[in-house]
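[1] prediction below, plus the sequence it came from.
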Amino acid sequence: MRFFKFAIPLALAATAFAFHSVHAESRQDRRFVRLSFSDGRADAVGLEAVNEHLLNVGVRVSEISIPEKGRPLIEISKTRALNEQEQNQLLSVFSLDRAALLDQLSKAGRKAAVEGGGALSISEKDVPPYPKVYDMKALDEKMVAFLMTKFGRLHVNSADDGHGIDEVMTIVSGGPYTWFFAMQDDTIAKVRFSEVRGGDQGWRISYPGLVPHGGYFDAPHGLVVAYAHGPGRFIMRYEAENVKASKRLNDNPWIDFTANPPRLLDRSKDTGR
């Protein structure tokens, strides 16, 4: 399963994005972060407004500068998948040590899932460990569709002893990208990031593995530097009775899973119920 180490994407293509409001926004101001609620209430737009809601569940979005030494690798990734050496170079450019990872979760208003941060190299069974690079160019259409279902369905990440993990994803190129999070009232927030283009800052998102979450990925190209820490081994769970919003697991009101491939929706299925 080599693709898990070098290819699992956390990205979403502009070509699949049919939301009229964001089309209009991208024409006027192509860089944005937008949070939409599954119950149909008004969107929150911009870092401050988005974080005002996400911080309630321990999630935080920020911007980061892209170091110049990382830009040649980003240019390569627009036309082909990075090789192992290049991915290791990218990990070095965007390296986060224990102190930096703990700072991320502190800024999100939460404590580490494992005291002190736990192990900095963790994994699912039979999947290469974090940290790693998610590279869209390494995937074919069949694998993208598979991952839309795997990661699009809301899930939690935890060890058998109940400890969750802490996750930090840094979007360094490509997109747009979308994450989903269960909010305190069980609505599902869709967080939409604009494409990271040459000269742009990157996006960073820090979140706890025990909050039901998901992602949707079909960008034509894109790189995400992925960190996760906590218990050495964890399981992606679509059922977990002991977490908040557990009834929202294993589905997603923002994705039509009957379509092939699964389709990101303009209007949440919740608003039609």
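    Looks like it arrived, so ask away. Numbers count the residues shown, from 1 in each chain.

[2] pLDDT weak spots in this structure?
    1-29, 273 (pLDDT under 70).

[3] do that again at 90, thanks
    1-30, 128, 199, 217-219, 272-273 (pLDDT under 90).

[4] for Val57, which non-adjacent residue is spatially closest?
    Val211 (5.2 Å; Cβ to Cβ, 6 or more residues apart in numbering). The C-beta positions use only the backbone N, C-alpha and C, and glycine is treated the same way.

[5] what does Asn56 give?
    The shortest distance from Asn56 to any non-neighbouring residue, by Cβ to Cβ, 6+ apart, is to Gln184 (5.6 Å).

[6] equivalent analysis for Leu90, please.
    Nearest non-adjacent residue to Leu90, counting by Cβ to Cβ, 6+ apart: Leu73, 5.1 Å away.

[7] contacting residues around the one you found?
    Going by Cβ atoms under 8 Å, 6 or more residues apart in numbering, Leu73 touches 82, 86, 89-90, 93, 223.

[8] now neighbour count and secondary structure too, for those residues, in JSON lines please.
    Listed next are these as JSON lines, based on neighbours: other Cβ atoms under 10 Å; DSSP: H, G, I helix; E, B strand; the rest coil:
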{"residue": "Leu82", "neighbour count": "21", "secondary structure": "coil"}
{"residue": "Glu86", "neighbour count": "18", "secondary structure": "helix"}
{"residue": "Gln89", "neighbour count": "16", "secondary structure": "helix"}
{"residue": "Leu90", "neighbour count": "23", "secondary structure": "helix"}
{"residue": "Val93", "neighbour count": "17", "secondary structure": "helix"}
{"residue": "Leu223", "neighbour count": "32", "secondary structure": "strand"}
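
[9] strands along the stretch 151-273 of the chain, start to end?
    Taking DSSP state E, counting those that start in this stretch, the strands of the stretch 151-273 of the chain run over residues 156-158, 166-174, 177-182, 188-193, 202-208, 213-216, 222-229, 235-237, 255-256, 263-264.

[10] to Gly272, which of these lies closest?
    strand 255-256 (11.6 Å; Cβ to Cβ).

[11] could you check how many residues crowd around the residue lying closest to Gly118 once chain neighbours are set aside?
    Of all residues not flanking Gly118 in the chain, Gly230 sits nearest, at 4.1 Å (Cβ to Cβ, 6+ apart). For Gly230, the count of nearby residues is 27 (other Cβ atoms under 10 Å).

[12] list the contacts of Gly230.
    112-114, 117-119, 122, 159, 163-166, 209.

[13] how far away is it from Gly164?
    For Gly230, the distance to Gly164 equals 7 Å [Cβ to Cβ, to the nearest Å].

[14] Ile66 too?
    Taking Cβ to Cβ, one finds Ile66 at 30 Å from Gly164.

[15] my guess is Trp189 meets His53, correct?
    You called it Trp, but residue 189 is Ala. Yes. Counting by Cβ atoms under 8 Å, Ala189 does reach His53; the two are 6.6 Å apart.

[16] any residues in contact with both of those two?
    Listed as contacting both Ala189 and His53 by Cβ under 8 Å, 6+ apart are 35, 183.

[17] may I have stretch 265-273 as CSV, with CA atoms only?
    Taking Å, rounded to 0.1, in the frame of the first residue of the first chain, the C-alpha atoms of stretch 265-273 are listed here in CSV:
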residue,chain,number,x,y,z
LEU,A,265,-22.8,19.1,-2.4
ASP,A,266,-23.8,22.8,-2.7
ARG,A,267,-26.6,22.4,-0.3
SER,A,268,-26.4,20.2,2.8
LYS,A,269,-28.7,17.1,2.9
ASP,A,270,-29.7,18.3,6.3
THR,A,271,-31.6,21.3,4.9
GLY,A,272,-33.8,19.0,2.8
ARG,A,273,-34.9,16.8,5.8
